[in-house]
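*Asks:* 3D, please:
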Amino acid sequence: MQMNATHTSFVALGDSFTEGMSDALPDGSYRGWADLLAGRLAAHAPGFRYANLAVRGKLIQQIVDEQVETAASMDADLITLVGGLNDVLRPKCDVPRVCALLEEAVERLAPSCRQLVLMRSPARRGPVATRFLPRMEELYGFVDDLAARHGALVVDLYGAQVLGDPRLWAEDRLHLDGEGHRRVTEAVWQTLGHTAQFDWTEALPDSLPLSWPARRAADLRFTRRHLVPWIGRRLTGRSSGDGLPPKRAELVPYEL
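*Replies:* Numbering: from 1, shown residues only. Below you'll find the model as predicted:
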């Protein structure tokens, strides 16, 4: 395979999306697009090193405070930064403040690596996402401008219709499933200039819609298992990532 560049090290920053929820492994841990990308890159670079500083639930201020300086000091070839979506999905959000924090992060990270990658995160089609689309589009417009000013690449997942398909999302309706993460990996891979392995934007095959009882049962499971606990955390000021360490805190060789 002809590669545009060989990256020998990779650091990923962010929240649950970059941590890999909900691409679950048999042992209950999460894999996700960043791990999959690290595996591909490692196959072409002996001694490849990988760190993943992401922690579920993190807001952009926490990413800036807890991850950015650590990542910048690692002197990695490749850095990915995905953040801000947890902020804009909250009932109240100061979008200009989120954008300012993203700019602070990019100004520190861009000079510290050979290639910085930003993303326009995907959105699941449905009434909840629709409510927040204006905020998301304001954020992603700023991401595009930020990338242009700092020489970063942007992976446009938000603009890919297939990633809005509910069948690529986990039961919690907040995180992509394994196939969704596989497609994100391919999207980043191609954005980095590597030869395509498949068409990550290809639509899923048509399927019969679920019956009304099946939809109601799914709604009840979602409410009981995911929505009610999420509301509880918001009311008490807690996060799903409280007390959790980074997924992969050190930039060390990656075992395929």
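*Asks:* tell me the contacts of residue 106?
*Replies:* Shown in contact with residue 106 (C-beta atoms under 8 Å, 6 or more residues apart in numbering): 81, 116, 118, 146, 147, 150, 152. The way it works is simple: take the backbone N, C-alpha and C, and place the C-beta from them, glycine included.
*Asks:* which phi and psi does the residue lying closest to the first one once chain neighbours are set aside have?
*Replies:* Meaning residue 81. With C-beta to C-beta, 6 or more residues apart in numbering as the criterion, residue 81 has its nearest non-adjacent residue at 4.9 Å, and that residue is residue 13. Backbone torsions for residue 13, taken as degrees, to the nearest 10, come to phi -120, psi 150.
*Asks:* buried stuff in stretch 61-79?
*Replies:* 62-64, 67-68, 70-72, 74, 76-79 (16 or more other C-beta atoms under 10 Å).
*Asks:* ok, which pair from these is furthest apart?
*Replies:* Spanning the widest gap among those are 62 and 77, at 25.2 Å by C-beta to C-beta.
*Asks:* longest helix of this protein, counting residues only.
*Replies:* Longest helix in the chain by number of residues (criterion: DSSP state H): helix 127-150.
*Asks:* model confidence over that helix, on average?
*Replies:* Mean per-residue pLDDT for helix 127-150: 92.
*Asks:* what's it packed up against?
*Replies:* helix 85-88, helix 95-109, strand 115-120, strand 153-156 (3 or more C-beta pairs under 8 Å, 6 or more residues apart in numbering; DSSP states H and E).
*Asks:* next, the angle strand 115-120 makes with that helix.
*Replies:* 150 degrees (axes from the mean of the first three to the mean of the last three C-alpha atoms, to 10 degrees).
*Asks:* got the angle for helix 127-150 vs helix 95-109?
*Replies:* 40 degrees.
*Asks:* neighbouring contacts of helix 127-150?
*Replies:* 84-85, 88-89, 93, 95, 98-99, 102-103, 106-107, 110, 116, 118-121, 123, 152-154, 158, 164, 173.
*Asks:* please report how far residue 197 lies from residue 37.
*Replies:* Going from residue 197 to residue 37 by C-beta to C-beta, to the nearest Å gives 12 Å.
*Asks:* between those two, which one's more packed in?
*Replies:* residue 37 (25 against 13; other C-beta atoms under 10 Å).
*Asks:* just for the chain, where's the confidence low?
*Replies:* Scanning the chain for pLDDT under 70 picks out the ranges 1-4, 128, 208, 210, 212, 214-215, 217-219, 222-239, 241.
*Asks:* what do you get if the cut-off is 50, keeping everything else the same?
*Replies:* Low-confidence segments of the chain, defined by pLDDT under 50: 1-3.
*Asks:* all strands of it, in order?
*Replies:* All strands of the chain, identified by DSSP state E, fall at 9-13, 49-52, 78-81, 115-120, 153-156, 248-253.
*Asks:* quick check: which helices or strands does the fourth one pack against?
*Replies:* Spelled out, that is strand 115-120. So strand 115-120, by 3+ C-beta pairs under 8 Å, 6+ apart, packs with strand 78-81, helix 95-109, helix 127-150, strand 153-156.
*Asks:* could I have it exported to CSV, CA atoms only?
*Replies:* Taking C-alpha atoms only, strand 115-120 is exported to CSV below (Å, rounded to 0.1, in the frame of the first residue of the first chain):
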residue,chain,number,x,y,z
GLN,A,115,-0.4,16.6,12.0
LEU,A,116,-3.4,17.7,14.1
VAL,A,117,-6.8,16.2,13.2
LEU,A,118,-10.1,17.7,14.3
MET,A,119,-13.6,16.3,13.7
ARG,A,120,-17.2,17.3,13.1
